[in-house]
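Trainee: build me a model from this:
(chains A and B)
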Amino acid sequence: VVAWNTIIQALAINGDLRGAREMFDRMPFKDVISWTTMTEAYFQHCRFDQARVLLGQIPQLDVVTWTAMIVANAESGDLLSARDLFNRMPQRNVVSWTAMVSALAQAGDLIEARKLFDSMPQRNSISFNAMIVGYSQQEDLKEAKGLFDGAPEWDLVAWTALLQAQAARGKLQDAIELFDEMPQRDAVVCTAMIAAYASNGHLDEARSIFDTMHEKDAVAWTALTAAYAHAGHLEHSKTMFDSMPLQDTVVCTVMVAAYGDSGDVLAARSVFEKMPVKCTAAWNAVVQAYAQRGHMRDFRKLLARMPEHD
RNA sequence: UGAAUGGGCUUUAA
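Mentor: Modelled structure (predicted):
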């Protein structure tokens, strides 16, 4: 059973839902892990109908299954169902509590998230982090700091979230001090620091963080590329972009927007057309480039090609 | 073997 479950999980991660389902149907014995893995796979690939059908057929749900379903519903935007599942589940552990708190916080309902957090029977540092991140995203530095100070221990997640809240509130010095005092730094927190410097107008410092990074991933490259673009240094953006090992949809969107802002709609369009997959942000950026320059004919032509828009 | 937390892009206003 363990081997089958592992294969199902691997196929699902690869996006091969059919293959996963085939294994699932063929396995001689299914345990609760098999059912949970398959159901979660459907949710994660937005096959909600099939997910719900399977969910209704699970012989027994354990606390992991319930929690996974809470997360799946919340991620699909259905917070009410998530909360309903949470209220109905027979047993809850610290993971299920934290999952629900995080779902509320991610949805921006920090009031409700805090209420639940305060009523948790047990909290661990991940529970605290979920709240810190929620407050940070709301740019509520006061509450973020309060929970940070009350957390049982601090890790990169907590530091990164607090750093972002400080940067968002213009407390660059505090962010720098926090960053300098961290016992560990990884690519994520370095990228957050790049963004912190850049959004507070310190491009050179942003650059030097980037230069000292050991493992520069696509996100770090993009952060600095976007920093130059937002500061109007199109040439620097272009240089970064051209030397990037892998140009994903996000950095392409950065360049579309950058060219659009500089008035070079042709260049914006050219980057856009070369994108193998066009995300919504890219569509918005290219459409905006045309609209801003009053190219209404092309603007309308593009709108007609957009998958969906309001 | 399955569940919870952090970084980069677009979206005229304050």
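Trainee: list, one by one, the residues from the stretch 1-150 of chain A near RNA strand B.
Mentor: By C-beta under 7 Å from any atom of the strand, the residues of the stretch 1-150 of chain A that approach RNA strand B are A:1-2, A:5-6, A:9, A:31-34, A:36-37, A:40, A:62-65, A:67-68, A:71, A:93-96, A:98-99, A:102, A:106, A:124-127, A:129-130, A:133, A:137. In this view, the C-beta of every residue, glycine as well, is placed from N, C-alpha and C.
Trainee: switch to 6 Å and redo it
Mentor: A:2, A:5-6, A:9, A:32-33, A:36-37, A:40, A:62-65, A:67-68, A:71, A:93-96, A:98-99, A:102, A:124, A:126-127, A:129-130, A:133 (C-beta under 6 Å from any atom of the strand).
Trainee: inside helices: which ones of the residues you listed?
Mentor: For these, the ones inside helices are A:2, A:5-6, A:9, A:32-33, A:36-37, A:40, A:63-65, A:67-68, A:71, A:94-96, A:98-99, A:102, A:126-127, A:129-130, A:133, with DSSP state H as the criterion.
Trainee: show the buried residues in these.
Mentor: Among these, those scoring as buried are A:5, A:9, A:33, A:36-37, A:40, A:65, A:67-68, A:71, A:95-96, A:98-99, A:102, A:126-127, A:129-130, A:133 (criterion: 16 or more other C-beta atoms under 10 Å).
Trainee: what's the burial count for residue A:171?
Mentor: Residue A:171 has 18 neighbours, counted by other C-beta atoms under 10 Å.
Trainee: would you mind measuring from the residue nearest to the spatial centre of chain A to residue A:157?
Mentor: Nearest to the geometric centre of chain A sits residue A:106, at 10.2 Å (C-alpha atoms, centre = their mean). Counting by C-beta to C-beta, to the nearest Å, the separation of residue A:106 from residue A:157 is 14 Å.
Trainee: and the strands in chain A?
Mentor: Here chain A has no strands by DSSP state E.
Trainee: for it, which spans come out with low pLDDT?
Mentor: Within chain A, no stretch has pLDDT under 70.
Trainee: from RNA strand B, how far off is the closest residue to residue A:108 other than its chain neighbours?
Mentor: Distance criterion C-beta to C-beta, 6 or more residues apart in numbering; nearest residue to residue A:108, sequence neighbours excluded, is residue A:138 at 6.7 Å. From residue A:138 across to RNA strand B, the span is 12 Å (C-beta to the nearest atom of the strand, to the nearest Å).
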